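Visitor: When you get a sec, could you give me coordinates for this:
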Amino acid sequence: MSQALRSAKERALQIVEQASKIRIQDARDNLGARTSGRQVRKANNQMGHTQGALERAAKPPLGWIWGDFFRPWQRMFPGEKHFNADINVRREYIPLSLIELTRLIDLGWIDPSKPIDISTLCRTQKFQINPNIRQYGFDLTEEGADSFPYAIDIEVQYATQSAIAAVEKAGGRIRTSYYDVNALEAAIDPKKWFEKGNVVPQRKAPPKTLIGYYMDAKNRGYLADESDIENNRINLANIRGYKLPDHEMVTEPLKTVDQVFHGIPAGSVISLADKKLYSPTNEIHREYYSKQVADKQYS
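Guide: Next comes the predicted model:
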């Protein structure tokens, strides 16, 4: 038996001695050492980890209920018509609370004696508005409404009734107005817009879905009649139980419905180097920018 074992050892040593030296390119895994991953069937998949085209497909937006990728929840149960229905066209407004606005004024970032609009708020570099992701301005919320002390002239895109009451109680003035994408890009960074030599755009009218909001004096819409706004100011003060100041503390003129910047008419070109404003001289351009937005879109 020992002779047989010794013979086996000798034969093994002879095989090793005769074999070539082990190199990296000769190294191989034993058969069965590596196995393929577990194959997940599409029918049993609930987490989006799929094979092939579904694995590399664009994933759905936040709020999409996983399951059958091609039959989401709102298609399987059509009774809920607004589930993610407008996620790709929904306008977003950056929330701006009254307590945050008070803090910016207290720290000297905003001058309360001058009109406050998108350009003023973006100039503080505390907010970022990106029209490419459907951000269309600011939403003034009521946090800090009980202690708001400043009589300001502010223009936002949306405001709650409590925020409107807080501004008017302090003797201020508030308007909600719409900015289209072109006007919004100019208002966000006026310096960049002027340095490019772009013409000051004319603010276009809001879409049909927002016409009712901006024509409502209750919302202090910029398309509403001033007499209706004054009546609503008095009604809101009576409902909320506060007294309006005897005289309006804000005397600055309002923007026109097509104006983007205070004191700068549409169609002008601003030279920052010369510190001059150049008005259009061509009759066609002058006529185009002199017309109101309503004359061109609602006639």
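Visitor: now the stretch 1-150 of the chain, which segments are flagged as low pLDDT?
Guide: Within the stretch 1-150 of the chain, the segments meeting pLDDT under 70 span 1-6, 26, 32-33, 35-87.
Visitor: The same query, at a cut-off of 90, please.
Guide: Residue ranges of the stretch 1-150 of the chain with pLDDT under 90: 1-92, 125, 127-135, 144-147.
Visitor: So which residues of it form helices?
Guide: Per DSSP state H, counting those that start in this stretch, the stretch 1-150 of the chain has helices spanning 2-18, 53-56, 73-76, 98-106, 118-123. These are given in chain order.
Visitor: The stretch 151-299 of the chain now?
Guide: Secondary structure of the stretch 151-299 of the chain (DSSP H, counting those that start in this stretch): helices located at 161-169, 181-188, 190-195, 208-214, 226-240, 283-290, 293-297.
Visitor: looking at the ones you listed, which is buried most?
Guide: helix 161-169 (a mean of 22; mean count of other Cβ atoms under 10 Å). Any C-beta I mention is one placed from the backbone N, CA and C, and that applies to glycine too.
Visitor: Without its sequence neighbours, what residue ends up closest to His285?
Guide: Closest residue to His285 apart from its sequence neighbours, by Cβ to Cβ, 6 or more residues apart in numbering: Gly267 at 6.1 Å.
Visitor: how close does the one you found sit to Lys21?
Guide: As judged by Cβ to Cβ, to the nearest Å, Gly267 and Lys21 stand 85 Å apart.
Visitor: ok, the two, which is more surrounded?
Guide: Counted by other Cβ atoms under 10 Å, Gly267 and Lys21 do not tie: Gly267 has more neighbours, with 20 against 5.
Visitor: residue contacts, the more buried one?
Guide: With Cβ atoms under 8 Å, 6 or more residues apart in numbering as the criterion, the residues that contact Gly267 are 199-200, 202, 279-280, 285-286, 288-290.
Visitor: try 7 Å
Guide: 199-200, 202, 280, 285, 289 (Cβ atoms under 7 Å, 6 or more residues apart in numbering).
Visitor: quick one: which of the residues you listed is nearest to Asp153?
Guide: Val200 (20.6 Å; Cβ to Cβ).
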